[in-house]
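Engineer: Fold the following.
(2 chains)
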Amino acid sequence: AQTVTQSQPEMSVQEAETVTLSCTYDTSESDYYLFWYKQPPSRQMILVIRQEAYKQQNATENRFSVNFQKAAKSFSLKISDSQLGDAAMYFCAYRGNYGQNFVFGPGTRLSVLP
Amino acid sequence: DVKVTQSSRYLVKRTGEKVFLECVQDMDHENMFWYRQDPGLGLRLIYFSYDVKMKEKGDIPEGYSVSREKKERFSLILESTSTNQTSMYLCASSSEAGGPYEQYFGPGTRLTVT
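Structural biologist: Numbers count the residues shown, from 1 in each chain, chains lettered A, B, ... in the order given. As a prediction, the model looks like this:
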């Protein structure tokens, strides 16, 4: 069975600085999808960024980018120019190519310090 | 924009009461999911449905049942609540058309069982 690990339960970053959240996963599949979701306090979970495993190029969405290392089964999220609104729980998620289910990591709580 | 709504944001129930949580999505998605979210454990899948009247058990189905009579609606039923079912319940939906199959989440229902 696939597993997703986020080794940092909590992290903090100074406003305008850069922070990297770690995620590793375990799978025997070669085709799959990886996601980072953000859950602000008392607000809805939203997608931050996604990566298809067959794509070698790392995904980027504005200030958010990933470092996808397929061989190492690592999928880290980099947030540049951190803003107060980035404070949230961040979840890494995996979905295999054959099946509808996601596997979520335990989450990392990110605090942004003014 | 995809919209996923849940019938209640907060619920307080006594042990043994029946609870009915409803989720509605407006994007004609085939797949719908129910998760519970607990600190340090991330999101754990209770049940999912890939079509009307179809359901599959997730990782923690014990004590729960589901119903999907219409494509847009997926209900989670707790027949006789217990205190260990105090949690945040999240509904999500996704499409199988194309990819990469991201899940869209509702705002969550925080259930407290006393």
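Engineer: Would you map the strands across the chain?
Structural biologist: This is for chain A. Taking DSSP state E as the test, the strands found in chain A are A:3-5, A:10-14, A:19-21, A:24-26, A:32-39, A:46-52, A:60-61, A:64-69, A:74-79, A:88-96, A:102-104, A:108-113.
Engineer: that's the wrong chain, I wanted chain B
Structural biologist: B:4-6, B:10-13, B:19-25, B:31-38, B:42-49, B:56-57, B:65-70, B:73-78, B:87-94, B:104-105, B:109-113.
Engineer: what's near enough to touch A:N67?
Structural biologist: Contacts for A:N67 (C-beta atoms under 8 Å, 6 or more residues apart in numbering or on different chains) come out as A:20, A:58, A:74-76, A:78. The way it works is simple: take the backbone N, C-alpha and C, and place the C-beta from them, glycine included.
Engineer: Redo the strands of chain B as CSV? Include mean pLDDT.
Structural biologist: Putting those into CSV (pLDDT from 0 to 100) gives the following:
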stretch, mean pLDDT
strand B:4-6, 95
strand B:10-13, 96
strand B:19-25, 97
strand B:31-38, 95
strand B:42-49, 93
strand B:56-57, 94
strand B:65-70, 96
strand B:73-78, 97
strand B:87-94, 96
strand B:104-105, 94
strand B:109-113, 97
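Engineer: Reformat these as TSV; add distance to A:Q100 and mean neighbour count.
Structural biologist: Putting the strands of chain B into TSV (distance: least, C-beta to C-beta, whole Å; neighbours: other C-beta atoms under 10 Å in any protein chain shown) gives the following:
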stretch	distance to A:Q100	mean neighbour count
strand B:4-6	16	18
strand B:10-13	27	14
strand B:19-25	14	20
strand B:31-38	5	23
strand B:42-49	6	22
strand B:56-57	9	14
strand B:65-70	14	15
strand B:73-78	13	20
strand B:87-94	7	23
strand B:104-105	13	22
strand B:109-113	22	18
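Engineer: B:L78 contacts B:L11, correct?
Structural biologist: No - contact criterion C-beta atoms under 8 Å: B:L78 and B:L11 do not qualify, at 10.0 Å.
Engineer: joint contacts of those two?
Structural biologist: Counting by C-beta under 8 Å, 6+ apart, the contacts common to B:L78 and B:L11 are B:19, B:21, B:111.
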